[in-house]
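Novice: sequence and computational prediction follow.
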Amino acid sequence: MLNHTTATEFLLLGFPSLHHQEYLVAIIFLASYLVILVGNLLIIALILSDRDLHRPMYFFLCNLSSLEIFIATCIIPKTVASLLMGSKAISYPACITQFYFFIFLGVIEFVLLAVMSYDRYVAICYPLQYPMLMNSQLCVQLLLGSWTAGFLATIVPTVLVVRLPFCNDNRIDHFFCEGVLLIKLSCADTQIVELINFVNAFIIIFGSLVMTAMSYLYIINTILRLPSASSRNKAFSTCSSHFTIVILGYGSCIFQYVQPSSHHTSYYKMVALLNTVVTPLMSPFIFSLRNEQMKKALKVGLKRNVIISRKCLSF
């Protein structure tokens, strides 16, 4: 029998090629995290404070911004701490927790993106029936469905990973506890676990992608049939922000999780950076700069704060 050992911790190797620039990398990560927090919290605050944004589209956007904060918080603080303190160790429970929440939140985000595309489909293809079809009850049900899908899609892979035995090699060539690389450290035969993870990722990513693609096919077909150019531009502008996030999210995850996992290069790690740092970082700018309603709400909010500040100073 093989001499298995019970893992108590793992070593996250992070970025070995940037060993002499770890402090600089840590500063970049920390600055990115602060921008993610401030940007997404600003979007949430604008949506909650502006009555004009109390609509299904912005209800889902508010939840998407919350997910971006949670995903970044799941990964970046530990990465920054490791880079600054020089300690690459992460305890076994912390590693499994990070693994679980990263997948859990990622699944919710994919399902939520599909839900948002359906919302845009109803708004553009059935504008007169939109208030009745996308009522508050349905919005809450769709959101709860997204969280339920995240839980159901995550619980089986997590249980399978927890049951795996691990050998002496506890080095993970990544900056967080990524599932594929974690499974490869096991002493046991992991073919079944890898197959289940592949099928799970395939169903979630391509299932939600098909729903999103179908919605956009109907949207584009409806927009092209609009009589005036101004109407077409206005309709396209309501979808452009969401469509940009869809391309970033699906493109990176298809490369990262649905490709064969036999070879993992530095490109794999860079795609993970796109998923965990760049997309949450860009999301507030994409939704605020490419959305007229958000820009209007931001201007009103800034003007209101300036007036309040002047009144406070006058006292």
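Specialist: Sure, I can see it.
Novice: ok, now which ones touch the residue nearest to P16 when sequence neighbours are not counted?
Specialist: Leaving aside its chain neighbours, P16 sits nearest to D173 (7.9 Å; criterion: CB to CB, 6 or more residues apart in numbering). To be clear about C-beta, it is placed using only N, CA and C from the backbone, and glycine gets the same treatment. With contact set as CB atoms under 8 Å, 6 or more residues apart in numbering, D173 has these partners: 13, 16, 181, 264, 269.
Novice: ditto for Q129
Specialist: V122.
Novice: give me the phi and psi for F166.
Specialist: phi -120, psi 150 (degrees, to the nearest 10).
Novice: verify the contact between it and C187 for me.
Specialist: Yes - under the criterion of CB atoms under 8 Å, F166 makes contact with C187 at 6.6 Å.
Novice: with neighbour numbers in mind, choose between those two.
Specialist: F166 (19 against 15; other CB atoms under 10 Å).
Novice: and the pLDDT for the more buried one?
Specialist: Note on F166: pLDDT of 83.
Novice: could I get stretch 160-172 in PDB with only the CA atoms?
Specialist: C-alpha atoms of stretch 160-172 as PDB (Å, rounded to 0.1, in the frame of the first residue of the first chain):
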ATOM      1  CA  LEU A 160     -14.900  14.600  -3.900                       C
ATOM      2  CA  VAL A 161     -11.800  16.700  -3.300                       C
ATOM      3  CA  VAL A 162     -12.200  16.500   0.500                       C
ATOM      4  CA  ARG A 163     -12.200  12.700   0.300                       C
ATOM      5  CA  LEU A 164      -8.900  12.600  -1.700                       C
ATOM      6  CA  PRO A 165      -5.700  11.500   0.000                       C
ATOM      7  CA  PHE A 166      -2.700  13.700  -0.500                       C
ATOM      8  CA  CYS A 167       1.000  12.800  -0.600                       C
ATOM      9  CA  ASN A 168       4.100  14.600   0.500                       C
ATOM     10  CA  ASP A 169       4.200  17.000  -2.400                       C
ATOM     11  CA  ASN A 170       2.000  19.900  -1.300                       C
ATOM     12  CA  ARG A 171       3.100  22.500  -3.800                       C
ATOM     13  CA  ILE A 172       0.500  24.200  -5.900                       C
END
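Novice: can you list contacts of it?
Specialist: By CB under 8 Å, 6+ apart, stretch 160-172 touches 2, 4-7, 9-13, 95-96, 99, 178-179, 181-183, 185-188, 190, 193, 196-197.
Novice: got it, and stretch 275-282?
Specialist: Counting by CB under 8 Å, 6+ apart, 29, 32, 35-36, 39-40, 68-69, 71-72, 75-76, 102, 106, 176, 245, 248-249, 252-253, 256 sit against stretch 275-282.
Novice: quick one, helices of the stretch 201-315 of the chain?
Specialist: 229-257, 266-273, 279-289, 292-314 (DSSP state H, counting those that start in this stretch).
Novice: what is the first one packed up against?
Specialist: What that stands for is helix 229-257. Counting contacts by 3 or more CB pairs under 8 Å, 6 or more residues apart in numbering; DSSP states H and E, helix 229-257 packs against helix 92-125, helix 191-224, helix 266-273, helix 279-289.
Novice: in TSV: these, plus mean neighbour count, distance to S231 and mean pLDDT.
Specialist: Formatted as TSV, the helices and strands packed on helix 229-257 follow (neighbours: other CB atoms under 10 Å; distance: least, CB to CB, whole Å; pLDDT from 0 to 100):
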stretch	mean neighbour count	distance to S231	mean pLDDT
helix 92-125	21	10	92
helix 191-224	16	8	88
helix 266-273	16	38	76
helix 279-289	20	22	79
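Novice: can you put the ones you listed in TSV and add distance to H54?
Specialist: Output for these, formatted as TSV (distance: least, CB to CB, whole Å):
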stretch	distance to H54
helix 92-125	14
helix 191-224	23
helix 266-273	35
helix 279-289	16
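Novice: out of those, which gets nearest to F60?
Specialist: Between F60 and the helices and strands packed on helix 229-257, the tightest spacing by CB to CB is seen for helix 92-125, at 4.8 Å.
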